[in-house]
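Enquirer: Quick one, fold the following:
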Amino acid sequence: MTFGERVVGALKLDVATFEDIERDPSAMGQAIGIIALAAVASSLGNIWSAAPFAIVFGVIASLVGYMVWALVVWAVGTKLMPDPQTHADFPEAFRTIAFASAPGLIGVVSIIPFLGWFLMLLLLPIIWLWSMAAMVVAVKAVLDYTETFKAVIVVIIGFVAYMIVWGTFAVLSFGAALIGGTLTR
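Expert: Predicted structure coming up:
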């Protein structure tokens with residue numbers, strides 16, 4: 001499958017797409033790419049507020065966050081809550097889970113002057129729910145789960161870790177902005 005076909009398949013919540021990504025070690029670059037593209041798309045509105053640092057921050061935080069999320073999903077799913085047929089390594093988990101970020105591409109609307117922030121406010125719940133649904137499909141596929149509920153539990157545990165990473169990045173960047181602002185005065 002091409003990168004575009006994988007993005008479309010992930011957006012459609014297509015199990016076969018996630019299984020294809022899981023089986024393809026050469027898809028690691030695509031996995032990193034989709035996380036970065038979704039983060040950039042969601043942060044483009046910051047161009048207008050003279051805060052391009054926010055775009056870089058978003059990409060770095062998303063990559064680290066998804067790595068942590070994948071690590072937690074892999075550890076919990078293969079060590080604490082495996083099904084008898086569960087077999088996955090971390091790279092498989094990361095590649096598959098990364099494509100669950102594809103709905104974040106809709107965030108490109110944030111670049112529309114004056115209206116982008118409002119559209120993002122309206123679309124954010126949809127993007128989050130869609131991404132969570134994609135994550136459940138991805139986790140169920142990579143961990144070979146037979147029960148969707150089990151995948152939901154693993155996704156929620158991973159989401160908590162992801163939010164801790166994002167919160168840490170936000171606090172650190174806010175602190176850096178405060179220190180930078182006081183040092184330049």
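Enquirer: By mean pLDDT, point me to the weakest helix or strand of this structure.
Expert: The least trusted helix or strand in the chain, going by mean pLDDT, DSSP states H and E, turns out to be helix 148-183, with a mean of 79.
Enquirer: Low-confidence ranges, this protein, go.
Expert: Residues of the chain meeting the criterion pLDDT under 70: 45-52, 173-185.
Enquirer: Spatially central residue in it, please.
Expert: Centroid-nearest residue in the chain: residue 101, 3.9 Å away (criterion: C-alpha atoms, centre = their mean).
Enquirer: so who does it touch?
Expert: Neighbouring residues of residue 101 by C-beta atoms under 8 Å, 6 or more residues apart in numbering: 34, 35, 38, 39, 62, 66, 131, 134. Using the backbone N, CA and C atoms, a C-beta is placed for each residue, glycine as well.
Enquirer: The fourth one: what's it in contact with?
Expert: Yep, that's residue 39 we're talking about. 55, 58, 59, 61, 62, 63, 101, 104 are the contacts of residue 39 under C-beta under 8 Å, 6+ apart.
Enquirer: do that again at 6 Å, thanks
Expert: 58, 59, 62 (C-beta atoms under 6 Å, 6 or more residues apart in numbering).
Enquirer: Leaving out the residues flanking it, which one is nearest to residue 109?
Expert: Among residues not flanking residue 109 along the chain, residue 119 sits closest, at 4.4 Å (C-beta to C-beta, 6 or more residues apart in numbering).
Enquirer: which of the contacts of residue 101 tops the neighbour count?
Expert: residue 38 (28 neighbours; other C-beta atoms under 10 Å).
Enquirer: circling back: okay, now the residue nearest to residue 109: neighbour count?
Expert: Neighbours of residue 119 (other C-beta under 10 Å): 17.
Enquirer: host element of it?
Expert: Assessed by DSSP states H and E, residue 119 sits inside helix 116-142.
Enquirer: out of the contacts of residue 39, who's nearest residue 91?
Expert: Among the contacts of residue 39, residue 62 lies closest to residue 91 (C-beta to C-beta), at 18.0 Å.
Enquirer: in the helix holding residue 119, what counts as buried?
Expert: Neighbour-count burial for helix 116-142, counted by 16 or more other C-beta atoms under 10 Å, picks out 116, 119-120, 123, 127, 130-132, 134-142.
Enquirer: ok, now how distant is residue 97 from residue 168?
Expert: Distance check for residue 97 against residue 168: by C-beta to C-beta, to the nearest Å, it reads 20 Å.
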